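1. Output the structure for:
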Amino acid sequence: SDTITAIDGRSTPEWDDLVGALESRAGDVIDVTVQRGSEELVLSGELGTRVVEGEVRGFLGISPAPLTEQLSVTEAVADAGSQFVEGVRFTFVSFARLLQFDSLGQLFGGIFGGEVDDEVRPVSLVGVVQIGAQADEVGFATIALILAIINVVLGIINGLPLFPLDGGHFAVAVYEKISGRTADVRKLIPVAVVVIAFISIFGLAAIILDLVDPINL
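-> So this is what the prediction gives:
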């Protein structure tokens, strides 16, 4: 298969690099460096155009293809562990970003039709179904990875030591075990109200966004 390695001598090691090199060159004649096996070719031609969200962008008529690699059991376990650690890190970073004032404002505005950045956009069960419906287009492996990430995120959030999440009940049980006293959970009601309110706003914004602006992978 052919692999594009450069546009007009500009290296394009990643798909985003290729898109960045093409989108501002609509109608221009470009040189495309292609690696075909052990042979390197330089092909020239006029770049096509297309309109995306009202903007004219360069168009080459290609799309990315997933790279499939066969791993041994040991390599697969190590890779899965690495991706799990990355998923945990991603969850905490995203959660911290979500709790920022501007992110919460975007979520609240999203309920009333406002714009929400992709990096803080939540996904509801409606969105998960929409993602699953695109399995034929993006491949089962991509869908499986997304579902795995969703499960990691939900597991971590549910494990936070905040009442009434499971992590909150566990924290109360640990406190009672260590102290030997029965905890007065009534004192945790304000925390529970805040947590439930946040989850409700978060879930409502996610459902509305998934209905108004469906996810396209």
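2. From the contact counts, what lies against the helix or strand hosting I131?
-> Secondary-structure element containing I131, defined by DSSP states H and E: helix 125-132. Packing partners of helix 125-132 (3 or more Cβ pairs under 8 Å, 6 or more residues apart in numbering; DSSP states H and E): helix 140-158, helix 189-212. C-beta: built from backbone N, CA, C; applies to glycine.
3. Which positions within it qualify as buried?
-> Residues of helix 125-132 classed as buried: 126-128, 130-131 (neighbour count, 16 or more other Cβ atoms under 10 Å).
4. Mean confidence (pLDDT) on that helix, please.
-> Averaged over helix 125-132, pLDDT sits at 76.
5. What does V29 show for phi and psi?
-> Main-chain torsions, V29, degrees, to the nearest 10: phi -90, psi 120.
6. do the same with I4
-> Per degrees, to the nearest 10, the backbone of I4 is at phi -80, psi 120.
7. That one: neighbouring residues, count only.
-> 18 (other Cβ atoms under 10 Å).
8. In this structure it contacts I30, no?
-> No. In this structure, I4 is not within contact of I30 by Cβ atoms under 8 Å, at 10.9 Å.
9. what's downstream of the longest helix seen in the chain, the next helix or strand?
-> For the chain, the longest helix by residue count, based on DSSP state H, is helix 73-98. With elements assigned by DSSP H and E, the helix or strand that comes after helix 73-98 is helix 101-110.
10. mind checking pLDDT for the closest residue to D117 other than its chain neighbours?
-> In this structure, D117 finds its nearest non-sequential neighbour in Q106, 6.4 Å apart by Cβ to Cβ, 6 or more residues apart in numbering. The model reports Q106 with a pLDDT of 79.
11. same question, G61
-> pLDDT, read off for G61, is 81.
12. Spatially, which residue comes closest to it, not counting chain neighbours?
-> Per Cβ to Cβ, 6+ apart, closest to G61 is G48, 6.4 Å.
13. so the one you found touches I62, yeah?
-> No. When contacts are counted by Cβ under 8 Å, G48 is not listed as touching I62 (10.8 Å).
14. Can you find the helix or strand in this structure with the smallest mean pLDDT?
-> helix 135-138 (a mean of 64; mean pLDDT, DSSP states H and E).
15. which sections of this protein are below the confidence cut-off?
-> Where the chain drops to pLDDT under 70, the residues are 1, 65-67, 135-139, 216-217.
16. Go again with 80.
-> 1, 52-54, 63-69, 98-99, 104, 106-123, 125, 127-147, 213-217 (pLDDT under 80).
17. Contact partners for the nearest residue to V116 once chain neighbours are set aside?
-> Counting by Cβ to Cβ, 6+ apart, G110 is the residue found nearest to V116 once chain neighbours are left out, at 4.3 Å. Going by Cβ atoms under 8 Å, 6 or more residues apart in numbering, G110 touches 116, 121, 205, 208-209.
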